[in-house]
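Asks: what shape does this take:
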Amino acid sequence: MWTTYPWIPFIPVVFFTLTILSAKLMLNGVIDELGNDQKETENKKSLEDRFSRVKHGF
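Replies: Numbers count the residues shown, from 1 in each chain. Okay, here's the model as predicted:
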């Protein structure tokens, strides 16, 4: 694509780059949230175990 404005061909490249970067950041955020949910579940189970031990005197 040839134009008198040399910056015009770079516009789609910039938009595609931003799209790829935003998709990567969204995926990283989803993975982090899923990992945090699993950690919270494990922490909740360990807290329940601690309270049950205290309750039963173990």
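
Asks: where does the protein have low pLDDT?
Replies: Residue ranges of the chain with pLDDT under 70: 1-3, 37-58.

Asks: do that again at 80, thanks
Replies: Judged against pLDDT under 80, the low-scoring parts of the chain cover residues 1-4, 6-7, 35-58.

Asks: now do the strands in it.
Replies: Using DSSP state E, no strands are assigned anywhere in the chain.

Asks: give me phi/psi at residue 9?
Replies: When read as degrees, to the nearest 10, the backbone of residue 9 gives phi -60, psi -20.

Asks: residues near it, how many?
Replies: The number of residues packed around residue 9, counting by other CB atoms under 10 Å, is 11. C-beta: built from backbone N, CA, C; applies to glycine.

Asks: repeat that for the one 4 residues further on.
Replies: For residue 13, the tally of surrounding residues (other CB under 10 Å) stands at 9.

Asks: relative to residue 20, how far out is it?
Replies: Applying CB to CB, to the nearest Å, the value for residue 13 to residue 20 is 11 Å.

Asks: ok, now how distant is residue 16 from residue 22?
Replies: Summarising the geometry, the distance separating residue 16 from residue 22, computed by CB to CB, is 11 Å.

Asks: now do residue 15
Replies: Separation of residue 15 from residue 22 (CB to CB): 11 Å.

Asks: the helices in the protein, which residues?
Replies: Remark: helices of the chain, listed N- to C-terminal, are 10-56; assignment by DSSP state H.
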